[in-house]
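[1] predicted model, plus sequence, below.
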Amino acid sequence: MTKFDEATRAIRLDDTTYDVCLDNGYSIGGPLNGGYLLAVVLRAAVDESPHAHPVSTSAQFLRAATPGPATVRVERLKSGRTATMTRATLIQDGRPFIDTLVTTATLDGSAVPEWTGEPPVRMPDLGECVKLPDPKPESNINLNGQMELLFDPPTIGWLSGAPTGRPESRAYFRLAEEQDPDPFVLALAVDALPPVVFSAGSRGWAPTVELTWHLRALPAPGWLTLLGGGRLISDGWFDEEVEVWDSAGRLVAQSRQLARVGRG
């Protein structure tokens, strides 16, 4: 079992309850990364389902979860031959922190697309991309140590005071520990980029309010490509859309989230 598998493990207690332990390694200055939390919730939802893959997840982030013990409560809403719909709620200290609706199905790993578009942006080669500087220890940003991100240089111009002025973020992604990507890794990947509003000139923690993501195909081994952008920043809110492409050039995940503009 890899570190990520252990950090997202859900232990079944009864027909509706799973015991989990939220790992401090995925914290960002205290709160835990939303994609990591979704991976934890999805472990329970998939285990309870007769189907193997979380093809659609819609999550409301009610509060910022912190490291420590928690539970996931699952309620199967409908189950059929091709799909199962489940409500799964992350509960900590007796209160709900994330409420999700999850559709599971069983995807064919050898399926060939009948039609597919092209990535909206062409990424530079891996050798032309760059890492973010390591965060200061006192920042308590532990998430960076769990994954590798190599960024398209213009999209991290905000580091040097030269943001592009557009909401965007692009990077190659893989876990720090060697592990082939799977649907749970994709749940982390869709929320792994710095908020796209950084490139538009904003700074500070940008909490996610709602996030929906779709698993479109089972990913091939190797680096994933994350392409993030936004459509509107207004009245303290912004949206963020992310496409995830695998090493075989296939679109494997799509997400959209609504978040608050941070105060930096």
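    On my side now, so go ahead.

[2] can you show me the helices along the stretch 1-150 of the chain?
    3-7, 34-48 (DSSP state H, counting those that start in this stretch).

[3] dump the C-alpha coordinates for the longest one into PDB.
    What follows is helix 34-48 as a C-alpha-only set of coordinates in PDB (Å, rounded to 0.1, in the frame of the first residue of the first chain):
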ATOM      1  CA  GLY A  34     -10.300  19.600  -1.100                       C
ATOM      2  CA  GLY A  35      -9.200  17.100  -3.700                       C
ATOM      3  CA  TYR A  36      -7.500  14.900  -1.100                       C
ATOM      4  CA  LEU A  37     -10.700  15.000   1.000                       C
ATOM      5  CA  LEU A  38     -12.700  14.000  -2.000                       C
ATOM      6  CA  ALA A  39     -10.400  11.000  -2.600                       C
ATOM      7  CA  VAL A  40     -11.100   9.900   1.000                       C
ATOM      8  CA  VAL A  41     -14.800  10.200   0.600                       C
ATOM      9  CA  LEU A  42     -14.700   8.400  -2.800                       C
ATOM     10  CA  ARG A  43     -12.900   5.400  -1.200                       C
ATOM     11  CA  ALA A  44     -16.000   4.800   0.900                       C
ATOM     12  CA  ALA A  45     -18.500   5.500  -1.900                       C
ATOM     13  CA  VAL A  46     -16.700   3.100  -4.300                       C
ATOM     14  CA  ASP A  47     -16.300   0.400  -1.600                       C
ATOM     15  CA  GLU A  48     -20.100   0.500  -0.900                       C
END
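
[4] pLDDT weak spots in the stretch 151-264 of the chain?
    Along the stretch 151-264 of the chain, the model assigns pLDDT under 70 to residues 264.

[5] which ones are touching the nearest residue to Arg63 once chain neighbours are set aside?
    Sequence neighbours aside, Phe97 is the residue nearest to Arg63 in space, at 4.8 Å (criterion: C-beta to C-beta, 6 or more residues apart in numbering). Placement of C-beta: from N, CA and C, glycine included. Listed by C-beta atoms under 8 Å, 6 or more residues apart in numbering, the contact partners of Phe97 are 37, 61-65, 70, 90-91.

[6] give me the distance between Phe97 and Thr71.
    Counting by C-beta to C-beta, to the nearest Å, the gap from Phe97 to Thr71 is 10 Å.

[7] please name the bridge partners of Trp245.
    Beta bridges link Trp245 to Thr225, Leu251, judged by DSSP bridges.

[8] confirm for me that it is in contact with Trp223.
    No - contact between Trp245 and Trp223 fails when scored by C-beta atoms under 8 Å: they sit 9.6 Å apart.

[9] can you tell me how far the residue lying closest to Gly117 once chain neighbours are set aside is from Gln179?
    Distance criterion C-beta to C-beta, 6+ apart; nearest residue to Gly117, sequence neighbours excluded, is Leu251 at 7.5 Å. The gap separating Leu251 from Gln179 is 21 Å, by C-beta to C-beta.

[10] between those two, tell me which one has more neighbours.
    Comparing Leu251 with Gln179 by other C-beta atoms under 10 Å, the one with more neighbours is Leu251, at 19 against 14.

[11] which residues does the more buried one contact?
    Leu251 neighbours (C-beta under 8 Å, 6+ apart): 116-117, 119, 216-217, 243-245.

[12] and it, how far is that from Val244?
    7 Å.

[13] what do you get for Ile98?
    Distance, Ile98 to Val244, using C-beta to C-beta: 21 Å.

[14] show me which of those two is the more surrounded one.
    Val244 (27 against 24).

[15] the more buried one reaches Val252, doesn't it?
    Yes - with contact defined as C-beta under 8 Å, Val244 and Val252 form a contacting pair (5.4 Å).
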